[in-house]
Each structure stands twice: as structure tokens, then as C-alpha cells.
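In: Provided below for reference: sequence and predicted model.
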Amino acid sequence: MGEPAVQATGIPETAKSNQRLAILLAMAMFVLVVDTSLMNVSISAVVRDLGTTVSGVQSAIALEALVSAAFILIGSKVGDLIGRKLAYVLGLLGYAVGALAMAFAQSLTAIIVFWAVVGGLGASLLLPAMQSLIHGNFEGAAQKRAYALVGASAAIAAAVGPLLGGFVTTYLSWRVGFLFEVAVIAVVLSGIKLVHDVPYTGSRRVDVVGAVLSVLAMGGIVLGILVWQEGGESVLAVLAIGAAALVLLVWWLRRQKRRGKPTLLDPDLFRSKVFESGVTGQMLQQIALGGTMIALPIYLQMVLEYNALKAGLSLAPLSLTMFAVAILAGKRAARRRPAGLIRAGFAILTIGLILLIPIVPRADSGWWLVVPLMIAGCGLGLLVSQLNNYTLSPISDERVSEAAGVNSAAGSFGLSFGLAFAGAIMLATLSLGFTSMANSSTVLSPAEQQQVAHALEADAQIMSNTQLKKQLASHPEKTQDEIIRINTDARHLALQVALLIPILAGGLGLLDSFRMMRLPDPAPSGSAEGMVLG
């Protein structure tokens, strides 16, 4: 009588419910990952439809990642206080509001408020809650399968995201892609009864000062870069606030720990050299990925004038190779040191990105990028397959959720920093390069040189040659040809300089990996094994 009901398949009903729950959790993760890919390949379409600028859309993309990073530790604590299930639902609803706003947005302001801020807050609630729910709704082998399924969903979304986004944007509309996200979230929420809440038994006291300092630290640094990109004032002041808040956060956490008072996160986590190196590697990997995934889509859409589908296809060698190598490395890496694979990953990633530098000025199609992107994808695949497990392996079961939150925050911060800094450097280089080339031109008159410099000083904007020709229609043909030439040369230089950001991150990651090689390999803890929510 007490036995669970068994269906004709021989699978207990509770097990079948858990299978459905794992699938729904994987669907939620798929939406989270594919969302940014959709924005990246739709930049030119969004700019055209809303009458905004590339820098504005790029800022919104970076801001969404920043909000998620800045509030993810707070989101984890909020989930502890209100319940992980409620935090999961609120996170999904926040993401749905952002996606719905994108579907009907008529201005950049709506995108920033609802997609970047509300959606980013949703992600900061959703990610830690999802991890806690997997940990509390599954046991043993089922738990590992759930983590693997959610991780595979994230990897598949990263691989097919550019292709899916490009197809939808080109043949339907970028707005349809976000409506698709809303539909998926509705399906996920329809199965919310399958989710059993996971009670929190720890301290319910809140480290308010630590929470504020964490937001100011991560937010100030990236926000300062975005303000600089948009030509705003007080850039150094904003950056200084972020840096000072970071220093104060470290001091505050240590002080609270010594006094036995609640902390936003336990600073003793960083006593593990493996964890510290792993978190650093996670951040650097995401800086490299963010910088690459903002620079290349802009280049493909604004320089080569590709539509979203062609841009997605051109990026496919990177994402598909990353997915394939991650799967293979995850299955066949048992006999190799994780630190060695991480070192190889950063080295291969850096080599692939360096190869893009001489190719960019010569490329007249995405085919030129295939080989270096496949090389970079191999490096990213090795990193994706190893970094999360390496970082969380030495952490005990009791602290793995908190450690994973720190790991996720580091990755999200790295992504937002890479997106913001590479984009800002690209636009700054474009402005300086265009002005310098115009001033040294023997074709443009002094008045035309001054006009060009003034226009760029007001708003540095990546513009396709086709768009530029329309604006120059009233100018003499020689003037048109000269400005088109300058525009082409300046954009190539801007992309090359922007790629130095992910290259530098890859190089620093390589140095970090040599430190990992000197450390003993960590023995995996039960909960850390298979945990892939980075």
C-alpha cells in the first residue's frame, strides 16, 4: 500500500515527476543563456527598428549582465529569506517581463529599464534559487542527472543561440524571438506544482552593509565604463567609487567574520587556493567571451553588413566547436589533470583570438573567421568542461551553494565587464582613429575635417558604409570616397584594439592556470560534482 504508483513503463510516478521537473529546469536555463545570444545577433535590427545607436544597445547588453552580477549574491540571500521556490518564480517572472518588454519596446529606455534592469534582477534571483531547488528536489544519481541536463541545456543554448536568433530575426523579427522566450517561461511556470520548496535552516540575519558594498563595487566599475562609452562626465569618480567599495567590501567581510556576525559571503572560502584560482579563471574566461561576443557581432553587422542570420552563421564555428569540445572533454578527461586542461584551454583560446588580428582588415566575408573561431571555440570548450567543477571541488557540501553563488557572480561580472570594456574601447578607438585620419587627409578641406571631428565628439557611432553613403549624398564624390575609406580603415583598427581585451583576459587566464598547476588536484565533493551552473 505504501509503494509509489508504478506506470506501465515501470517508472515510479515520483520519478516521472522528477524527470519532468528536470526538463522544466533545463528549459529555464535555456532561456537564460539564449537571451543574450539573441540580442547580440540582433544589434543592427534593434538599432534600425528603434532608431537608436549601436553603443546604446551594447550598453543595455552589458547592463543586463552587470545587474545580474551585482545582485546575484543578494538574490541568493533573498531566496533564503522568502523561500527558494518563490524566488524561482519571481526570477522567472522578472525575466518574462524583460522579454515581453523587448517584444513591444518602442525605445531604448524601455529596453534598459525592463530588459536590462528587471530582467537582470530576475536572473539574480533565478540562478541561485535554481541551484538550491536542484539540490533539494533530487537525490543521488537523479541529482547528478538533473545538474547534467541543466548544464547540457546551457551548452546547447550557447551553441545554437546565434543560429536560432539569426534565423528568427532575419525571417520573422527579433521581437518574435523574445515572445518565444515568454512562451517557454509560461510552460516552465505551468509545472511549478512539481517544485518542492527547500527550507533554509541557516541564519536569517542580513548583512546589509556587505550587500550595498557588493552592488557599489561591481556596479561602479562597469557603470563607469558605460558612462565613459556614452561620453558622460564624472567617469573617474564612478570608477573610484567602485574600486573603493571593492576594497571596503573585503575589509568589511573579514571584520564581520572575526566578530562572528553575518556576512554576505564567507571570506574563508578564498582561503582555498584552488577556489580562488578557479573563480579568477571563471571571471577571465567570461571577460574573454564577453569581449569577443560584443566585438564580432558588431563587426559582422556594421562592417560586413550581414543580416542577423549571416552573423549567427559566422559565429557558429565558435559556439558549435565550444559545445562539441566541452562534451568530448567532459567524457574523456578523467586521466588528465583539470589544471592542465584549463591551461591548454586558455592557451588555445588566446591563440585563436590573436589570429583574428591580422585577418580583420583583409576579411570580406565571415569565411575568413572560421579557422580562428574554431580554434578559440576549442579553448572555450576545454574551459567550460573543467572550470566549474575545478572551482567547486574543494568546497564542502554545506558551503557549495554559497561558493557556487560567488562563482556565478564572478562569471557574470566578467561577462558584463568584457561586454562593456571591449565595446567602449572599440568606440573610443573609432572616434580617435577617424578624427586622426580625417585630420591627416589631403582630400578633405579643413572645414570638412572639423565637421567630422565635431560629429564624432558628440556621438561615436559605428556606421556601415551604406548608411554613410546616404548621409554623404550631397557631398562631392571625392569627399565621399575619402570619408568611406577613412570609415573602413578606422573600423578595422577599432575592432583590432577591441579584440586586445579578450586576448589580454586569455593571457591572464593562462598565467593563472600555471598557478593551478602548482596546486594539488582537488578531490570532488558530492554536491560539487557535476555542478555546472556558472
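Out: Structure received. Because the structure is a prediction, the values reported are computed rather than measured.
In: switch to C-alpha atoms for all contacts and neighbour counts from now on
Out: OK.
In: which other helices and strands contact the helix or strand containing residue 33?
Out: Residue 33 is located in helix 13-41, with elements delineated by DSSP states H and E. Counting contacts by 3 or more CA pairs under 8 Å, 6 or more residues apart in numbering; DSSP states H and E, helix 13-41 is packed against helix 54-82, helix 119-137, helix 140-171, helix 174-190, helix 273-298, helix 308-332.
In: do that again at 10 Å, thanks
Out: With contacts taken as 3 or more CA pairs under 10 Å, 6 or more residues apart in numbering; DSSP states H and E, helix 13-41 sits against helix 43-50, helix 54-82, helix 84-104, helix 119-137, helix 140-171, helix 174-190, helix 273-298, helix 308-332.
In: Now render these as CSV, adding distance to residue 498 and mean pLDDT.
Out: As requested, the helices and strands packed on helix 13-41 are arranged in CSV below (distance: least, CA to CA, whole Å; pLDDT from 0 to 100):
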stretch, distance to residue 498, mean pLDDT
helix 43-50, 17, 84
helix 54-82, 13, 81
helix 84-104, 27, 90
helix 119-137, 25, 83
helix 140-171, 21, 77
helix 174-190, 26, 91
helix 273-298, 7, 88
helix 308-332, 17, 82
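In: Could you check the ones you listed and tell me which one is nearest residue 381?
Out: Closest approach to residue 381 among the helices and strands packed on helix 13-41 is made by helix 308-332 (4.0 Å; CA to CA).
In: distance between that closest one and the chain's centre?
Out: Helix 308-332 sits 16 Å away from the centroid of its parent chain (CA atoms, centre = their mean, to the nearest Å).
In: so how far is the next helix or strand after it off the chain centroid?
Out: Proceeding N to C from helix 308-332, the next assigned helix or strand is helix 338-359, under DSSP H and E. Centroid separation for helix 338-359 versus its chain: 19 Å, with CA atoms, centre = their mean.
In: dump the residue contacts of the residue most central in space within the chain.
Out: Ranked by distance to the mean C-alpha position of the chain (CA atoms, centre = their mean), the top residue is residue 415 at 4.1 Å. Residues in contact with residue 415 (CA atoms under 10 Å, 6 or more residues apart in numbering) are 62, 65-66, 69, 282-291, 293, 409, 421.
In: what do you get if the cut-off is 6 Å, keeping everything else the same?
Out: 286, 287, 290 (CA atoms under 6 Å, 6 or more residues apart in numbering).
In: Counting neighbours, which of these end up buried?
Out: Buried members of the contacts of residue 415, scored by 16 or more other CA atoms under 10 Å, are 286, 287, 290.
In: CSV please, covering the residues you listed and showing distance to residue 278.
Out: Conversion of these to CSV gives the following (distance: CA to CA, whole Å):
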residue, distance to residue 278
286, 12
287, 14
290, 18
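In: from those residues, which is closest to residue 329?
Out: residue 286 (19.0 Å).
In: Identify the residues contacting the closest one.
Out: 411, 414, 415.
In: switch to 10 Å and redo it
Out: Taking CA under 10 Å, 6+ apart, we find residue 286 in contact with 292, 380, 410-419, 502, 505-506, 534.
In: same thing with residue 70?
Out: Residue 70 makes contact with 120-121, 124, 211-220, 409-410, 412-413, 416, according to CA under 10 Å, 6+ apart.
In: Drop anything exposed from those residues.
Out: Taking 16+ other CA under 10 Å as the criterion, what is buried in those is 120-121, 124, 211-220, 409-410, 412-413, 416.
In: From the residues you listed, which land in helices?
Out: 120-121, 124, 211-220, 409-410, 412-413, 416 (DSSP state H).
In: Was I right to think residue 382 contacts residue 336?
Out: No - here residue 382 does not reach residue 336: they are 11.9 Å apart, not a contact under CA atoms under 10 Å.
In: Specify which residue of these two has the higher count of neighbours.
Out: Using other CA atoms under 10 Å, the more surrounded residue of residue 382 and residue 336 is residue 382, with 29 against 10.
In: could you give the angle of the strand or helix carrying that one to helix 338-359?
Out: According to DSSP H and E, residue 382 maps onto helix 370-392. Counting by axes from the mean of the first three to the mean of the last three CA atoms, to 10 degrees, helix 370-392 points 150 degrees away from the direction of helix 338-359.
In: what's helix 370-392 packed up against?
Out: helix 140-171, helix 273-298, helix 308-332, helix 338-359, helix 400-439.
In: Quick one: those as TSV, columns for distance to residue 368 too.
Out: As requested, these are exported to TSV (distance: least, CA to CA, whole Å):
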stretch	distance to residue 368
helix 140-171	18
helix 273-298	13
helix 308-332	9
helix 338-359	7
helix 400-439	21
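In: what about those helices, which gets the closest to residue 513?
Out: For the helices and strands packed on helix 370-392, the distance to residue 513 is smallest for helix 338-359, at 5.0 Å, taking CA to CA.
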